[in-house]
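1. Sequence plus predicted model, see below.
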Amino acid sequence: MKVGLLWYDDDPGRDLAEKVGRAARRYRQKFGTSPNICYVHRSVLHPPASSPPRVLAVAGQAPQGEAGNGKVRKVGGVRVSPSPTVLRHHFWLGREEEQHRRRTAK
């Protein structure tokens, strides 16, 4: 990712899909293109054992990925991936280059 947008949202009333959707809309407004990657704090995708698992749903679509497994998930057209450098409640969105995606998929 060469250009990104750092978004903060700590509203407990919004689920992950809504937070990523709002951040993606702002990214499109600012850069004129849609993001395809969103890095989040690992707790977003791997909640503590004491909290109930949350299932993602996007506008009538079935959830993609397994809740709480700590793996990459999709919200709309945006891949959501954990990153050790992203703080809680922050969302780092951008466009991942095709070459990097192929390399990490192997």
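-> The structure has been received and is ready for your questions.
2. just checking, Leu87 touches His41?
-> Yes. Between Leu87 and His41 a contact is recorded at 6.1 Å, counting by Cβ atoms under 8 Å. (Glycine included, C-beta is placed from N, CA and C.)
3. neighbour count winner among those two?
-> A direct count of neighbours by other Cβ atoms under 10 Å for Leu87 and His41 places His41 higher, at 18 against 11.
4. Quick one: residues contacting the more buried one.
-> Counting by Cβ atoms under 8 Å, 6 or more residues apart in numbering, His41 makes contact with Pro82, Ser83, Val86, Leu87, Arg88, His89, His90.
5. Could you report the neighbour count for the third one?
-> In this case it means Val86. Neighbours around Val86, by other Cβ under 10 Å: 18.
6. Surely it is in contact with Leu93?
-> No. Counting by Cβ under 8 Å, Leu93 is not a contact partner of Val86; they are 10.7 Å apart.
7. picking that back up, looking at the contacts of His41, spot the one nearest Glu18.
-> Ranked by distance to Glu18 (Cβ to Cβ), these are led by His89 at 13.5 Å.
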